[in-house]
Every structure is written in structure tokens, then in C-alpha cells.
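Asker: what's the 3D shape of this:
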Amino acid sequence: MSDGPGTSPVPTHGMSHVALAVTDPARSLRFYQAVFGVVPIFQRDDFIQAQTPGSRDVLVFERRHDEAGKRGGIAHFGFRLRRPEDIERALSAVRLLLGSRRVRGRDMVRGPHRGRSGGLSALARSAAASTLG
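Answerer: Take a look at the predicted model:
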């Protein structure tokens, strides 16, 4: 896709990072460590950058009290599991950490669901951006 004659897209290596507004970066890190095994790669008092093992993607937890828990431009983000059968294990870890929490009358964890493409997916409302962060 281009913007006009003589222009071309800038090549990338894919998405670099997603930053989440949270109230407690360390607590958010612990949640994503427990579920996905993320490891911190850079830390300051007000934010933590973490990666999933074996990848170059970065998940950033930024301390932003006024924005934490509010929906912004990101509707959701996903982790692609290496083995589809691990979805139940991931959901079990999320449910163990979140319990039966509901936010605004909605379950924090739903799924798994079979998508239009036949793949499995599940929704875990971001603990970092809602009740745990």
C-alpha cells in the first residue's frame, strides 16, 4: 500500500511494542510473568519493559494513574501460543490469578472460542489495564 506516486511503505521487522497504562508496573509484570513467562529487560520506577521468551516483542507497563483501567486506542492485543493445546493452561493461569472477577458486570476471562479461521482464541481482559494494575 502506498500514499501516492513515488512512495512506498517503510519496511519493518513487525510491531515493536505495546505500552499499557497501569497503576503498579511491578504487579502487572508479575501477572504477565505468571501467565506468559515474560522477562523484564529494562526497569525504572515508573515503567518496566518485558519480552516473551524467544521473541523480540516488548510489553511496556507505564505508571499512569489517570489513564490506568480506561479503554484507549487499543481494543486488545494477543499472544500467539506455540501450541494451540496450551490455551487451556494459559486460561487456567489467568483464572487462578484473577479468580472470578467481573469488571463493569463482565467476566474478566472468556473462552476458548473457535474463530472464523478455525483457530482458538480466548479473552482475558487486561489485568494490567483494569483491576490488577
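Asker: Distance-wise, check Ser28 relative to Pro112.
Answerer: Separation of Ser28 from Pro112 (CB to CB, to the nearest Å) stands at 23 Å. Bear in mind the C-beta positions are built from the backbone N, C-alpha and C, glycine included.
Asker: Which of the two has more residues huddled nearby?
Answerer: For Ser28 versus Pro112, the count of surrounding residues by other CB atoms under 10 Å is larger for Ser28: 27 against 15.
Asker: thought the more buried one was touching Val22?
Answerer: Yes. Ser28 lies in contact with Val22 (CB atoms under 8 Å); the separation is 4.6 Å.
Asker: how about Glu62, what does it touch?
Answerer: Contacts for Glu62 (CB atoms under 8 Å, 6 or more residues apart in numbering) come out as 19-22, 25, 46-47.
Asker: In the chain, mark out all the helices, start to finish.
Answerer: Along the chain, the segments classed as helices by DSSP state H run 25-36, 87-98.
Asker: Adding mean pLDDT as columns, could you present these in JSON lines?
Answerer: Listed next are these as JSON lines, based on pLDDT from 0 to 100:
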{"stretch": "helix 25-36", "mean pLDDT": "92"}
{"stretch": "helix 87-98", "mean pLDDT": "78"}
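Asker: What separation is there between the closest residue to Asp45 other than its chain neighbours and Ala26?
Answerer: Distance criterion CB to CB, 6 or more residues apart in numbering; nearest residue to Asp45, sequence neighbours excluded, is Arg63 at 7.6 Å. As judged by CB to CB, Arg63 and Ala26 stand 10 Å apart.
Asker: So for the two, which residue has more residues nearby?
Answerer: Neighbour count, other CB under 10 Å: between Arg63 and Ala26, Arg63 has more, with 19 against 14.
Asker: That's all I had, so thanks and see you.
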